[in-house]
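Visitor: Pasted the sequence and its predicted model underneath.
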Amino acid sequence: MVDLIWLVPALPLVGFAVLLVAGRRMGEPAAGWFATAMVGASFLTAVVAFIGLGGLEEQVFVQTLFTWMPTGDISIDAGFYLDPLSGVMILFVTGVATLIHMYSIGYMHGDPNFSKFFLYLNLFVFSMLVLVLGDNLLMTFLGWEGVGACSYFLISFWFTKPANASAGKKAFVTNRIGDWGFMVGMFMVLFTFGTLSYSEFLPLAPGLATTTATFIAVMLLIGAIGKSAQMPLFVWLPDAMAGPTPVSALIHAATMVTAGVYLLARINPVLAVSADWVLPLIAWIGAITAFVAATIAVAQNDIKKVLAFSTVSQLGYMFLAIGVGAYWAAIFHMITHAFFKALLFLCAGSVIHGMHEHQDMRVMGALKKFLPITFGAYIVGWLSLAGVPPFSGFFSKDEILAYAFDVNPVLWFIGLAAAGLTAFYMGRQAFTVFWGTPHWHPEEESVEEVPPAVTGTEAEVLADADDPAATSAATVVATAQPAVDVSDLPDDFEPHESPWTMTVPLVVLAVAAAFGGLLNIPLPSSLHFLERWLSPVFELGGPTKLSLSDGSILLLLSVSALVAIGGTLAAAAVYLWHKVPSAPLEPAVLANGWYIDSSITAFMGGPGTAGFQATADVDTKVVDGAVLGVGAGVGRLAQASRYLQSGHVRRYALSVGVGTVVILGFMFTRVVI
Amino acid sequence: MELFPSDAVFTPDVSWVALWPMVVMALGGLLLLTISSLGKGRIPRPFYALWAVLTSVGSFITAIPLWAQVHGWEDAVLWYDPEVDPTGPFSTVGGVIAADGFSVFLTMLIAVSMVAVVLVIEAYLDREQDRFPEMFALTMFAALGGMVMVSANDLIVLLLGLETLSVAAYVLAAMDLRRVQSQEAGFKYFVLGAFSSAFFLYGIAFIYGATGGTGLVHITDFLAANVLLGSSGLMLLLGLGLLIVGFAFKVALVPFHSWSPDVYDGTPSPLVTFMSSVVKVAAFAGMLRVLVMAFESAGADWRPVIQGLAVLSLVGGALGAIVQSNVKRLLAYSSISHAGFILLGVEAASDVGTAAVVIYLTAYSALVIGSFTVVTLVARSGDRLHTLTDYQGLGRTSPLVAGLFTFFLLAQAGVPFTAGFYAKFSAVIAAVDAGTAWLAAVAMLSAVIAAYLYLRLVVTMWFVDPAAETDTSHVGVPAAAGIALAGCAAAVLWIGIFPNTLTDWAERSVPAVVQPAPPNLVESGDEADADVEFEVGPDGMPGMPGPMPGEMDFGELDLESLGIDPAELEAMLEGGDLGFDVDVEFEDPPG
Amino acid sequence: MPEAVLLGGEQTTTAVEWVVFIIAATTTLLGSFGVIMARNPVHAALSLVGSLFSVAVLFLNQGAEFLAAVQVIVYTGAIVILILFVLMLLGIDTEEDLEDEPLRGQMPVAVGIGVLLTASVFALTQLVGFDVVTGTPEVTAAIRDDMPNINQIGRLLFTDFVVATQLAGVMLTVAVVGAVVMARRPREYQPIPEPESMDAPLSLDPTDQGADNGAEVAD
């Protein structure tokens, strides 16, 4: 049964190929259903292969398609590597992808590029499966580049919006930094072991010299940071939300962004032998990202931006888990996160759909009546992400926190604080969007008194307040985010529930998000299904063994639960019952993401751009300047020659001359007397 | 005491088998010119294209037995004659033309590239309703120059090959008489090319002064036996530096690159396929043979220079390309970055590096010919649409062309399982193998930056709607161009997925240091007196031009017609005062 | 063995050689001065011929027959004739004010460089001596002293460098063909206007198509 593993990526590829040729002819919705069927078939194959893997003794299956480079001392095969880790990954990737494909049929309804969208989605699923299933770093790299390119294409899908194109660019550029790290790390592996195959080099990893292992680990870590949007390369992910919502759900929440975590988990034997600061570094990156992104999420107004920063924050948890040696906990959280974050994004998509493409939470409110199914599903996702027991997020997050507590209580505390913030910002979103009063009627807007959520009138309202600090902060917010224009909505506008193709996936995902925690019940340890299943993969990596007593675990569980519930209640106090003014809680510095993005933009737009331009213009400007400087006395001649454009040639000749002089000068230094 | 009289003439040994590819190309070009001038326009243009294709194919076919021979598979050659035909790597015509795996493989590569280039030119001329048999003839002569360069075992011959190639290329650049930009390109190329050729020639002069010869084998041996100090060393190094400048200009390395964007932009698009493939192949081959083979012992002196050029080209090319809005200029900068990659193989100065260069050149030729063929087609009639705006929405109007272009661009970006990736991979391996891992890291960084600009083009084609001024007419693919495109795409895919064959070939394509065969003594009589064999010492022998160490068999000589008195020779032999070993068998012993 | 030894070995300067040298050197210098002093450009060109021709004589005096021949054929024969052609075709205005220098301050610089050059040549001969041959022994060893160097070069061209000779022929053919192609300008050709700017302003936006892109999006 495991022999069928090649079918898992092959089916979406077939889907891609067929859509490429006949997609336009299939039209809507046939193309969408076809793509969904392909991914669904892939999911079924994955299930079959997974069951087959369980029956194997070794629980590792390598399928070599062909040998790419057999000659010499370097051998690279193209093949698939199925082990407990990749088995779990393909299951949830194909599963979630199938649901999101189905959802997209409804969501992309009426889009002129309907079939093209599914074309890219299928290509993406193929790339992601190659990434996960590849039996060597090169295959993973192929998938890695593939998902990056698809992400870039899909973010730019609605290229009519300039912001999308720019976001696509940012995602691409940021990812290149990570790709560079991946490439260098990959070559280092190749030169160290003479092979890239996981089944060959990972067992050898314990014999690595510390410096080599550290180098490889750090390079691949750079790759993982870029792909998984960790500090400081996280700026692209929130902007990537410019793409269609199913894309955000599939690529920027459930699958692609977890590739970095997967990579780190995959190379755990290398991490184990690298210098003793590497793992703590990963843990700290994760913890700080989790916290900072959570603070930013608190002050976002775009419904998808909140979820985006939340994704960054949750990915931080996964890094934290890797860093404290709880590899399986990272995978656990990855799975549950895939469920509930995909669910939340799809709900957000449903809301946006119902709100006629309005994404600003400030124009929503009281939607629970209008979108009942979405609302129900959202509740599950919300409580799961907030970490409220017994939803899945509670279990997976708590495993990570327990390990963090065991390794370094400071990390645990940061993680706990982030968890509290998570509960808070999710509560804020839930209460703003689904409860309260509706804000989508322009005329109601004007008569309404001191609206609880931030609106365009907030600045004036708060200007009357006594607290000058709040006033200035609010002014900044108001200036940065002008009033949302809802005048395009018809007067009799009413949000509507989405079609069944969209709500069915919501329900399925809601079930998964609710019960995903069953994969791994914290107590008693006999119920650690996932940990046991994954343990062969992490054997060489020397995973941390939890040394806490059952009592301490229970205590930690209760603390987490209390924090989650406390955060939710706090949000309710502010946004549901309006006991506390919300503005001071949403300072501009948070709304603007600690200005990290804008400072990068400022750099790229200022000195960075200037740098590129200077490089490009070195022929025309710098050299020309030198020539003109020298030639100040040659005045007329220079003028005349510039008319004839021979100025160019002279300039070029000068650059040749300068190069020659430098080379000859170097040669002088080499003379042996 | 002179053994030979002063008017004895030593003619070099000629192995025609090594010369046939060039001779075919030269004759093909000359005959094409003759036919076209005699035909006075009555001959249809496709005839010339066919002629050029057949010539290139003929050149390729004549190289096949040579490939077998230099690898010692002479049994495979039907007409192999062990008496006259050498086996294994050899050099001929006094050692100025080398026949080794390196030269033969690249000769074949040039011949194959020529077929594709000619097809693209034909498609272009057909579209422009233009007759230019000279365009074919000049590319053929340029290809001849390229073949000479890849085989040249002597700096003078290398220079002449380079000049033949360059002069033809200058004219080709200016060939679009309708566009002033094309003339400007030709002019710039010519002036700067002449400038750099002067450097090159000056370098040859210095090297001659330092080593006493221009033959690469001679230089190799001389440097192996002597350590040059002081002014001689300076002379050698200056010569070396000037040679590098000459090569760097031809392959457009930063800072000697500035001509290339302008020239690529101005040159008729189909001819850019030629400039970016054959010209680069030839120039890199010459560079590799000179630096890696002849100046191997001076590696410590030239490797840092090449490293510096590589870094500048890798980074400069990639960054420069980012800001271009003209596709031809963009690809010109990208080819600068590619040249930086190839330098990694040169810089490695090893067999691995040489193989990497060969692999890269092969892959790159396929990629760049494919890319510029698309550019030619998209430019439409008049060869004028080259801005990014003109590529907007191409995916919708002409999916086939856009798809192929996307494929070539992704391959250039180095996506795994394409030729581009394998080429970059080989270059990086070579650099690390040679202990310059930092250079490999810079190269990867450049690849990462460059990927942006390729993707930018892809996005333009598939995701940007055509602007108002964009020509949205369908881009058709004429049969001739279609064959070229299909061939390039197949090669890119094949190299990418099954790189072993190419690797195998590339590993066989290593330049060899081979002593020239002894010259023949021109005989004036028909009666032979003696069979003379000379063992000549390192200083050569009196009466012969230049040092020619090694064993020489002069065969049967008619001593009297040469003015040698057999009795005198006999006395000299007995006296042992010749200064070299000689083994003479007299057919008719004197006295 | 041939008796005529023109060059090499122990060099002795005969009285005839001295006389020839003095005469030729004097005419060379006179010619050079003529080039820069003559008011009439044609006179200047003719002075150049004299100067170059005298240099040819100097070459001959040194036994470099080939160089002498090349000097006459290439410089006097081709280059100066070309200069004269250009002068005649363009119809030089003899009244043009030669005092009006196109390059300001060129004269003192030229004088300075000239003095420097002379000084360095003088210094070189004083410090190193006249009879120094640079380069490796082989460079000079390869030159035979029993044969005029024209013969030697001729032999080399048709033996060791026969490929180079043939190639030079091909190259000249290419040049001639190129010249013909460039000169032929069919009348039906209409020049195609070129876009003005070739370098776009910097944009990191992948969909930004540069400045010349008017309507970027239309959907």
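Guide: Okay, I see it.
Visitor: Let me see the contact set for the nearest residue to residue B:464 once chain neighbours are set aside.
Guide: Nearest residue to residue B:464 in three dimensions, chain neighbours excluded: residue B:392, at 4.4 Å (Cβ to Cβ, 6 or more residues apart in numbering or on different chains). C-beta here means a position set from N, CA and C on the backbone, and glycine is covered the same way. Contact analysis of residue B:392 by Cβ atoms under 8 Å, 6 or more residues apart in numbering or on different chains lists B:460, B:461, B:464, B:465, B:466, B:467, B:470, C:209.
Visitor: Neighbour-wise, which one of these leads?
Guide: residue B:464 (28 neighbours; other Cβ atoms under 10 Å in any protein chain shown).
Visitor: packing partners for the host helix or strand of residue A:410?
Guide: Using DSSP states H and E, residue A:410 sits in helix A:409-434. Applying 3 or more Cβ pairs under 8 Å, 6 or more residues apart in numbering or on different chains; DSSP states H and E, one finds that helix A:409-434 contacts helix A:278-298, helix A:303-323, helix A:372-386, helix A:392-407, helix A:550-571.
Visitor: which residue sits closest to residue A:374, ignoring its sequence neighbours?
Guide: Per Cβ to Cβ, 6+ apart, closest to residue A:374 is residue A:350, 4.3 Å.
Visitor: mind checking how far residue B:486 is from residue B:50?
Guide: 18 Å (Cβ to Cβ, to the nearest Å).
Visitor: What of residue A:231?
Guide: 64 Å.
Visitor: which of those two has more neighbours?
Guide: Ranked by neighbour count (other Cβ under 10 Å), residue A:231 and residue B:50 place residue A:231 first, with 21 against 14.
Visitor: before we move on, back to that, can you add mean neighbour count and mean pLDDT and give the helices and strands packed on helix A:409-434 back as TSV?
Guide: Listed next are the helices and strands packed on helix A:409-434 as TSV, based on neighbours: other Cβ atoms under 10 Å in any protein chain shown; pLDDT from 0 to 100:
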stretch	mean neighbour count	mean pLDDT
helix A:278-298	24	86
helix A:303-323	28	87
helix A:372-386	24	83
helix A:392-407	27	84
helix A:550-571	18	81
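Visitor: for these, which one sits closest to residue B:119?
Guide: helix A:303-323 (50.7 Å; Cβ to Cβ).
Visitor: After the closest one, which helix or strand is next?
Guide: Once the chain leaves helix A:303-323, the next helix or strand it forms, by DSSP H and E, is helix A:327-354.
Visitor: Do the top helix by length along chain B and chain A come into contact?
Guide: Determined from DSSP state H, the single longest helix within chain B is helix B:180-211. Yes - interface with chain A: helix B:180-211 contributes B:184, B:187, B:188, B:191, B:192, B:195, B:196, B:199 (Cβ under 8 Å from any Cβ of the partner chain).
Visitor: just these: which has the poorest pLDDT?
Guide: Checking pLDDT across these, the minimum falls on residue B:184 at 83.
Visitor: Disregarding residues adjacent in the polypeptide, which is nearest to it?
Guide: Here the residue nearest residue B:184, using Cβ to Cβ, 6+ apart, is residue B:266, at 5.7 Å.
Visitor: now do residue A:257
Guide: residue A:228 (5.3 Å).
Visitor: Find out how far the helix or strand residue B:150 falls within is from the centre of the chain, if you would.
Guide: Here residue B:150, judged by DSSP H and E, is contained in helix B:133-151. With Cα atoms, centre = their mean, to the nearest Å as the basis, helix B:133-151 stands 10 Å off its chain's centre.
Visitor: How about it and chain C, touching?
Guide: Yes - contact between helix B:133-151 and chain C is present through B:134, B:137, B:138, B:141, B:142, B:144, B:145, B:148 (criterion: Cβ under 8 Å from any Cβ).
Visitor: Let's test this: mean pLDDT of that helix, rounded?
Guide: Per-residue scores along helix B:133-151 average to 93.
Visitor: And the next helix or strand past it?
Guide: helix B:155-173.
Visitor: close to chain A, is that following helix?
Guide: No - if you take Cβ under 8 Å from any Cβ as the test, helix B:155-173 misses chain A, and the best it gets is 13.1 Å.
Visitor: Who are the packing partners of that helix?
Guide: helix B:133-151, helix B:180-211, helix B:230-250, helix B:269-274, helix B:280-288, helix C:162-183.
Visitor: next one: the next helix or strand after the third one to chain centre, how far?
Guide: Following the chain from helix B:230-250 toward its C-terminal end, the next helix or strand by DSSP H and E is helix B:259-266. Offset of helix B:259-266 from its chain centre (Cα atoms, centre = their mean): 21 Å.
Visitor: cool, and stretch A:310-328?
Guide: 13 Å.
Visitor: Same check on stretch A:269-278?
Guide: With Cα atoms, centre = their mean as the basis, the mean position of stretch A:269-278 lies at 25 Å from the chain mean.
Visitor: buried set for it?
Guide: A:269, A:270, A:271, A:272, A:273, A:274, A:278 (16 or more other Cβ atoms under 10 Å in any protein chain shown).
Visitor: Please apply the same query to stretch A:350-370.
Guide: Judged by neighbour count using 16+ other Cβ under 10 Å, the buried positions of stretch A:350-370 are A:350-355, A:358-368, A:370.
Visitor: State the mean pLDDT of that stretch.
Guide: For stretch A:350-370, the per-residue pLDDT averages 74.
Visitor: What helices and strands are in contact with the helix or strand hosting residue B:568?
Guide: Assessed by DSSP H and E, residue B:568 sits inside helix B:566-575. In terms of contacts (3+ Cβ pairs under 8 Å, 6+ apart), helix B:566-575 is packed against strand B:581-586.
Visitor: what residues does the stretch 451-591 of chain B put near chain A?
Guide: Proximity of the stretch 451-591 of chain B to chain A (Cβ under 8 Å from any Cβ) is limited to residues B:451-452, B:455, B:459, B:462-465, B:497, B:499-500, B:503-504.
Visitor: tell me which of those residues is nearest to chain A?
Guide: Ranked by distance to chain A (Cβ to the nearest Cβ), these are led by residue B:463 at 4.6 Å.
Visitor: Does that closest one touch residue A:155 like I think?
Guide: No - in terms of Cβ atoms under 8 Å, residue B:463 does not count as a neighbour of residue A:155; the distance is 10.3 Å.
Visitor: So which of those two has more stuff around it?
Guide: residue A:155 (29 against 24).
Visitor: My guess is the more buried one contacts residue A:171. True?
Guide: Yes - using Cβ under 8 Å, residue A:155 is in contact with residue A:171, at 5.7 Å.
Visitor: Please, where are all the strands along chain C?
Guide: Here chain C has no strands by DSSP state E.
Visitor: and it, what are its domains?
Guide: C:12-95, C:124-185 (automatic domain parsing).
Visitor: got the residues of the stretch 201-350 of chain B near chain A?
Guide: Counting by Cβ under 8 Å from any Cβ, the stretch 201-350 of chain B sits next to chain A at B:227-230, B:233-234, B:237-238, B:240-242, B:244-245, B:248-249, B:255-256, B:258-259, B:262, B:300-301, B:304-305, B:315-316, B:319-320, B:322-324.
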